[in-house]
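**Q** please find the sequence and the predicted model below.
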Amino acid sequence: MGNSSTKLAEKCSLLTRDEVPVVANSFKFVSKNSDRIKEDDLMKFWGSQMDPRLAQYITNFLFGPLGSRSSVVEFQRFAELYVYCVRGTIDERISVLLSSLGQQETDHQSDIAYPLIKEYVEAVVSSYMRALRLQSGNEYKSWESKGFRIIKECIQKLAESLAYDVVQQGTQKVTREDAERWLQQNPTFLRMLEEVFIHLYNYRATKSPQDEGVIMRVSPGEEKGPLLPFCEGLQYVPDYPAFTDISQMLFINSNLPAQFRTKWRFLFSSQIHGESFSTLLGRIMDQGPTVLIVEDSNGYIFGGFAPDSWSLSPNFVGNDTSFIFTLRPKMRCFPTTGYNDHYQYLNLHQQTMPNGLGMGGQFNYWGLWLDSEYGQGECSESCTTYKNYLQLSISKQFKIRNIEVWAVGEKPTNEDEEVDENQTTVLKSYKEDQAFLELAGRQCYSDGFKETEPTT
């Protein structure tokens, strides 16, 4: 880094050593090696990299609101925008929000209109999705190359879901305390804000030889897992019939436990593998935690996260990291209440127990139920297993249009393989045969019997 960049960085004590080359070099590019940035130059440089509404919000923070706007911005303010948005305190991020919306940063009394907050969130989400596309990283390409797209309507629904809890529903005014509480409880939005500004400050409209030595800053959120996972398992499906979009997958992934956010492994699609409950079971059992996504005949899309491997049992399994969700007509996530542990249920060929796959609620009152007679499903009006539950389908009984299932995280190792391999090969083969017999409705009559020694 040249002497001019060092001198610029010395003007702002907020920057860490890693941040100095990023912010100082970005300022040099935009200011054309001067000590001030003009608004027109900034918009020419950054304009194509973000939603136009966010561009307007940024200029409000940097240059002041309309009516009292400055013609230039100096390095200190330029650096503050980066620090506040990438790793700022809640107070600092609130100050950016207020200034962006044309209010005083220190105003603790005035309320903010909810539609303004919602539009600000949508501008950030839209800019984040644009950055994903422009950067075209491995995670994004793994979905985009298989037919998944970024749809404007879904971006709007994602933004609405993120802004949903900023204020008590039924009111249209947001206090500073409301905004602070919302930011503290909304890590997904904060991650998107971080990533947007990391992208902007690392962006170079043109590359120069001096730029090769710049060390780009690592996102502070990477240790939490990516917002968008890597898609694995569709390499042999050139034209995957996707009925979800990238922002919907991102929404689901952001609600998973952090250790499962890195990779999704494709297991089942009714459009590829057929409309068969036994085929569904054969492809999802013993695969570790999974995400189930259902589209009904009314176009509603919903599903659930099952933290345990699916296996046939008359008992409920899973743990309190389970959740169910809806993607259309709205995006919502419903975490567990702790009221009961009815997280996931799977049974087949039982005369006295329900046969099918269920999540939440209880027998005949399921949060989400897929009957073993393929094509029929059920979502009850209420479900005590999941907090703030709203009926996922338009009516209690629904007909299935599409189902897909994804395993999340790494594939679990077979515990039997950790024992002496010579002693378990036959046992493993027997268990696999037994599972297929059960799926076919055949009883394994030798189960429970052992061979006796011959008498002489």
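**A** Perfect, thanks for sending it. Residues are numbered from 1 along each chain as shown.
**Q** lowest-pLDDT helix or strand in this protein?
**A** helix 421-439 (a mean of 42; mean pLDDT, DSSP states H and E).
**Q** could you check how far Gly377 is from Trp143?
**A** 26 Å (Cβ to Cβ, to the nearest Å). Quick note: C-beta positions are derived from backbone N, CA and C, even for glycine.
**Q** likewise for Ser395?
**A** 32 Å.
**Q** who's more crowded, those two?
**A** More neighbours surround Trp143 than the other of Ser395 and Trp143, with 25 against 12 (other Cβ atoms under 10 Å).
**Q** that one against Ile246, yeah?
**A** Yes. Using Cβ atoms under 8 Å, Trp143 is in contact with Ile246, at 5.4 Å.
**Q** ok, for Glu180, nearest residue in space, not its chain neighbours?
**A** Spatial nearest neighbour of Glu180, excluding adjacent residues (Cβ to Cβ, 6 or more residues apart in numbering): Ile90 at 5.3 Å.
**Q** need the pLDDT of the one you found.
**A** What the model reports for Ile90 is a pLDDT of 94.
**Q** repeat for the one 10 residues further on
**A** As summarised for this prediction, Ser100 has a pLDDT of 94.
**Q** how far away is it from Arg36?
**A** Using Cβ to Cβ, one gets 21 Å for the distance from Ser100 to Arg36.
**Q** looking at these two, which is more packed in?
**A** Ser100 (23 against 16).
**Q** wait, what's in contact with the more buried one?
**A** The neighbours of Ser100, taking Cβ atoms under 8 Å, 6 or more residues apart in numbering as the test, are 57-58, 60-61, 120.
**Q** which one of those residues is nearest to Pro187?
**A** Tyr120 (17.3 Å; Cβ to Cβ).
**Q** any idea how far Leu267 is from the residue nearest to Glu180?
**A** With distances taken as Cβ to Cβ, Ile90 is found 40 Å from Leu267.
**Q** what pairs with the longest strand along the chain, parallel or antiparallel?
**A** For the chain, the longest strand by residue count, based on DSSP state E, is strand 397-408. Strand 397-408 pairs in its sheet with strand 263-269 (antiparallel), strand 290-296 (antiparallel), strand 376-378 (antiparallel), by DSSP bridges.
**Q** can you redo those as TSV with distance to Asp308?
**A** Formatted as TSV, the strands paired with strand 397-408 follow (distance: least, Cβ to Cβ, whole Å):
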stretch	distance to Asp308
strand 263-269	15
strand 290-296	9
strand 376-378	21
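**Q** for Cys333, which of those strands is the nearest?
**A** Closest approach to Cys333 among the strands paired with strand 397-408 (Cβ to Cβ): strand 290-296, 11.9 Å.
**Q** from the chain's centre, how far out does that closest one sit?
**A** From the chain centre to the centre of strand 290-296 is a distance of 15 Å (Cα atoms, centre = their mean, to the nearest Å).
**Q** then stretch 61-72?
**A** With Cα atoms, centre = their mean, you get 35 Å for stretch 61-72.
**Q** what's next to stretch 180-200, contact-wise?
**A** For stretch 180-200, contacts defined as Cβ under 8 Å, 6+ apart pick out 26, 46, 49-50, 54, 81-82, 85-87, 90-91, 93-94, 121, 124-125, 127-128, 131, 134-135, 162, 165-167, 217, 219-221, 224, 227, 254.
**Q** how about the strands in the stretch 201-350 of the chain?
**A** 230-232, 263-269, 290-296, 301-306, 313-317, 323-328, 332-335, 344-347 (DSSP state E, counting those that start in this stretch).
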